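Peer 1: Show me how the following folds:
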Amino acid sequence: MVKAPETSDTAARAELRTLVQRHGADLASQLHAHHRNTFPPEAEKTIRQFSPAEASRLIGIHEGYLRQVAAEGNGIAPTIKNGRRSYSVDAIHEIRKHLDHGARGNRRYLPHRTAGEHLQVITVMNFKGGSGKTTTSAHLAQYLALHGYRVLAIDLDPQASLSALFGFQPELHVGENETLYGAIRYDERQRPIAEVVRSTYIPDLHIIPGNLELMEFEHDTPRALMTRKAGDTLFFARIGQALAQAQNLYDVVVIDCPPQLGYLTLSALTAATAVLITVHPQMLDVMSMAQFLQMTGDLLDEVAQAGASTNYDWMKYLVTRFEPGDGPQNQMVAFLRSIFGEHVLIHPMLKSTAISDAGLTNQTIYEVERNQFTRSTYDRAIESVNFVNAEIEGLIRQAWGRAA
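Peer 2: Numbers count the residues shown, from 1 in each chain. Reported below is the predicted structural model:
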């Protein structure tokens, strides 16, 4: 049988396939090389030391009292280098535990939730990529952990940018069945959530990393719906069911959702107690968000009819990558506030070269050294991030019935 000559259209498709495959392999190879140069195989990602002023603010005490506690010993001492004192995150954690053990009255240095306070599950989401969703998730999780909360960060985005920020390169460090998919899949290979949780370089901050494997949930769910048996857990309840296994170990869960309205996002939404929607204040982004909100509302209505809970402690919009000197952005923020009112967080996340430059080496503003930037650039960036996260912390505390 004579093979028909390949048409130009078929050849073009073959060329595209080959080109995409080659570019994907080349890019992966270069990213691996970049990661090896930035973080050698024998190295583990760490976080910088904190000055006495920073450490005392994190713990919630005066700097003089911090010096007194360190002078008393108890195995807690600052690091002294070139005559300067600094504290590691582990030392700060031990000081906080020491103070909390000897605390009297209502004073608490470990702000862990009590038996009557429910686990806070914050889903960070947006339909459009580039809205600062992952940056927001990483900084929020780190801020809460540095202030003494027990935090679980979940990377639900198959692109796994959050994982990379925490030092887990998806192609190198995250294997098969080692993402949240392992705990929510439909077959006999499902595993307890504890088996996919990893510790990080910050005490009481754990992460469930992601990779492309998460897409399997999107493919498996339609088949599971068609073959569902009585008693099977529907897709929208699977993340909540998995989190229930570990809810007593954490105060807050931060979920970084994929930029799409799929089964993963819907399951995260129905597991959530709070929703944080990031939005870049430009017309195209806001127009995209309008469609996203309408679709989300319709889909949540469908899952609610199937028995899902859609009651939240709070839902807020966070303005990200905001430039105060940009007139059109200011107009857009005013427009959003006029529509959504108090649902827009008071503080925006400012656009900052310090935050974007830190991201080039898979770091957050909490991890980079201040001397890498001009003082005003760094201070402006970390002040913006802290204001946003402190406002969210206040919402968490209000949900527990505490003073904000």
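Peer 1: Now the residue nearest to the spatial centre of the chain. Its backbone dihedrals?
Peer 2: Geometric centre of the chain, nearest residue: S137, 2.8 Å, by C-alpha atoms, centre = their mean. Dihedral pair for S137: phi -60, psi -50, per degrees, to the nearest 10.
Peer 1: Hmm, it is touching L162, no?
Peer 2: Yes. S137 is within contact range of L162, at 5.7 Å (criterion: C-beta atoms under 8 Å). Glycine gets a C-beta too; all of them are placed from N, C-alpha and C.
Peer 1: okay, and the common contacts of these two?
Peer 2: A153, D256 (C-beta atoms under 8 Å, 6 or more residues apart in numbering).
Peer 1: Quick one: name whatever helix or strand follows the helix or strand containing L152.
Peer 2: Secondary structure assigned from DSSP states H and E places L152 in strand 151-155. Downstream of strand 151-155, the next assigned helix or strand under DSSP H and E is helix 161-165.
Peer 1: ok, back up a step: show me the residues around the residue nearest to the centre of the chain that make contact.
Peer 2: V124, A153, L162, V254, I255, D256.
Peer 1: Roughly how far does it sit from Y87?
Peer 2: 26 Å (C-beta to C-beta, to the nearest Å).
Peer 1: now swap in A194 and tell me
Peer 2: Noted for A194: a distance of 30 Å to Y87, by C-beta to C-beta.
Peer 1: Neighbour count: those two, which is higher?
Peer 2: Legend: neighbour count by other C-beta atoms under 10 Å for A194 and Y87, higher for Y87 (25 against 11).
Peer 1: Is the residue nearest to the more buried one when sequence neighbours are not counted in a helix, a strand, or coil?
Peer 2: Among residues not flanking Y87 along the chain, A55 sits closest, at 4.2 Å (C-beta to C-beta, 6 or more residues apart in numbering). Going by DSSP: H, G, I helix; E, B strand; the rest coil, the secondary structure assigned to A55 is helix.
Peer 1: who's in contact with A55?
Peer 2: A55 neighbours (C-beta under 8 Å, 6+ apart): L66, S86, Y87, A91, I92, I95.
Peer 1: pLDDT-wise, which helix or strand of this structure ranks last?
Peer 2: helix 8-38 (a mean of 63; mean pLDDT, DSSP states H and E).
Peer 1: residues in contact with the helix or strand hosting R380?
Peer 2: In the assignment (DSSP H and E), R380 maps to helix 375-399. The contact list for helix 375-399 (C-beta under 8 Å, 6+ apart) reads 118, 120, 122, 136, 139-140, 143-144, 147, 252, 273-274, 276, 313-314, 316, 318, 345-350, 352-355, 365-366, 368, 370, 372-373, 403-404.
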